[in-house]
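Student: Could you work out the structure for the sequence below:
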Amino acid sequence: MDGASLYFGSCTRCSKAVYGDGRACQAMGHLFHSTCFTCSVCSKILSGKPFFTVSGQIYCQDDFLFSGAHLSQEACIVCGDVVTDLVLQARGKSYHPSCFRCVVCGQNLEGQPFAVDSHCRVYCVGDYHRVQAPRCAACGMPIMPTEGSTESIRVATFNRNYHVECYKDEVDLI
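Tutor: Model (predicted):
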């Protein structure tokens, strides 16, 4: 059986059968003929290219940004300005990529691991641990993961937290 006779399913746009390797694309969980996956405004073929969707309509990048196709403009949760270029979505909020930063050190977190506190403030992982980590009842320092680890080890007793080493010292004093 050659590649041209492989059946993939029906095209979402034209409802006709999609046969053959390289003649189809998937987008938004749907199957399209490569030639049917086009911009709603200019009909440019979008297979393998950036695209946007608004209310079920598909747009090429130029038409989305410059033709007014993006009717529902989103405001950046940090600065409040309308996001007219790329929208970074995190935890259901919209950000300019340059505004998605750690609240402590200001490090840009686009594409980086991050953590969020109970007030939805965004942190780099290191600052999150420094600010949110439980404090040792003996030395008062945060109980944080060791370098290269993502987990911290602590001793919790009588509603108090200790570094393992500090707890040993506390027990030795008793």
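
Student: all strands of the protein, in order?
Tutor: 7-10, 17-19, 24-27, 30-33, 51-54, 57-60, 74-75, 82-83, 88-90, 93-95, 114-116, 122-124, 155-157, 160-162 (DSSP state E).

Student: Please work out which of those strands is packed deepest.
Tutor: strand 122-124 (a mean of 22; mean count of other C-beta atoms under 10 Å). Any C-beta I mention is one placed from the backbone N, CA and C, and that applies to glycine too.

Student: partners of that one in the sheet?
Tutor: strand 114-116 (antiparallel) (DSSP bridges).

Student: okay, now the nearest residue in space to Cys60 that is not next to it in sequence: neighbour count?
Tutor: Spatial nearest neighbour of Cys60, excluding adjacent residues (C-beta to C-beta, 6 or more residues apart in numbering): Cys39 at 4.0 Å. For Cys39, the neighbour count with other C-beta atoms under 10 Å is 22.

Student: Tell me which residues touch Cys39, please.
Tutor: Leu46, Phe51, Ile58, Tyr59, Cys60, Asp63 (C-beta atoms under 8 Å, 6 or more residues apart in numbering).

Student: quick one, what contacts the fifth one?
Tutor: Right, the one you point to is Cys60. Cys39, Val41, Cys42, Lys44, Leu46, Lys49, Pro50, Phe51.
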